[in-house]
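> Sequence first, then the predicted structure:
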Amino acid sequence: MAQPLFGLVPAGQPLITAPSSQPSETSFLYAIPHPTPTPANPTPKPFAHLAVFLLPGIALPEGTAAAIYIALNPAALATGQEPPNFKFLGGVGPGKESAVFKLSPPSSTSQSGAAAEGVVIGINIEDGASVAERMQQLHSTSESTALTTTRPGSGGQPASTQVLAQRIIQNAFNFLASFSGKVGAEGVEVVPLKAFQEWWRKFENKVRNDPTFLEREQD
């Protein structure tokens with residue numbers, strides 16, 4: 001398989017870089033199972049957040065971006081009994097190399113089935129302008145929804161997905177900055193993959209010990 005392009009981190013799970021399948025040169029599918037029951041946690045909750053980012057040293061073709069989708073009927077991809085139905089989540093690319101998405105929990109009527117199937121994420125390399133336009137439309141829709149559902153003066157609102165993403169990225173940047181170095185005649189700045197793996201190990205431990213730390217203001 002060619003060099004992986006993307007990293008996916010479901011909340012509370014290890015880093016994923018290898019796609020489950022690759023329908024075409026520009027399309028990638030990632031089947032991510034939900035946590036399985038253990039004696040310590042017999043009823044684990046499906047993960048609710050997913051981070052997606054370009055791996056270090058990866059640059060997409062000029063004028064393109066990676067559109068990210070979630071399969072609303074993941075079982076269809078396995079059975080072939082119906083066409084898969086994908087929902088656009090957002091994108092990553094030049095100037096926005098990472099993003100965190102909040103995934104809707106399965107409905108009560110399909111909780112057990114959804115937990116067994118897990119989540120299927122599709123990433124497709126597309127025209128950058130088209131991806132940016134759909135991201136803007138998605139952002140506008142989210143802002144409109146927030147304005148109609150949030151009451152002035154109401155307190156205790158959880159941090160938005162955008163704020164959580166910014167805090168995760170800031171946390172990673174602060175840790176990885178000290179590991180950066182320059183290579184080549186042009187002095188391209190790079191970060192060793194081992195440094196990212198060390199950051200993720202520490203970040204995962206912090207989330208496990210204090211699941212709400214990202215919801216608080218960071219220094």
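Nice, thanks for sending it over.
> Spit out the contact partners of residue 164.
Residue 164 sits next to 49, 100, 102, 214-215 when contact means C-beta atoms under 8 Å, 6 or more residues apart in numbering. Any C-beta I mention is one placed from the backbone N, CA and C, and that applies to glycine too.
> what's the answer for residue 101, then?
Applying C-beta under 8 Å, 6+ apart to residue 101 gives the contacts 49-52, 68, 70, 89-90, 161.
> if I've got this straight, it is in a strand?
Yes: the assignment for residue 101, made by DSSP: H, G, I helix; E, B strand; the rest coil, places it in a strand.
> beta partners of it?
With DSSP bridges as the criterion, residue 101 is bridged to residue 50.
> residue ranges for the strands of this protein, please.
Here the chain has its strands, by DSSP state E, at 6-10, 21-24, 27-32, 49-54, 64-71, 86-92, 98-102, 119-127, 181-183, 188-190.
> hmm, back to that, looking at the contacts of residue 101, spot the one nearest residue 26.
residue 68 (13.2 Å; C-beta to C-beta).
> Quickly note the distance from the closest one to residue 50.
Distance, residue 68 to residue 50, using C-beta to C-beta, to the nearest Å: 9 Å.
> before we move on, the earlier item: got a quick PyMOL command for the buried subset of the contacts of residue 164?
Buried residues among these (16 or more other C-beta atoms under 10 Å), as a PyMOL selection:
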select buried, resi 49+100+102+214
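> May I see the contacts of residue 164 arranged in JSON lines, with distance to residue 178 and pLDDT as well?
Listed next are the contacts of residue 164 as JSON lines, based on distance: C-beta to C-beta, whole Å; pLDDT from 0 to 100:
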{"residue": "49", "distance to residue 178": "26", "pLDDT": "89"}
{"residue": "100", "distance to residue 178": "23", "pLDDT": "90"}
{"residue": "102", "distance to residue 178": "30", "pLDDT": "88"}
{"residue": "214", "distance to residue 178": "21", "pLDDT": "70"}
{"residue": "215", "distance to residue 178": "26", "pLDDT": "67"}
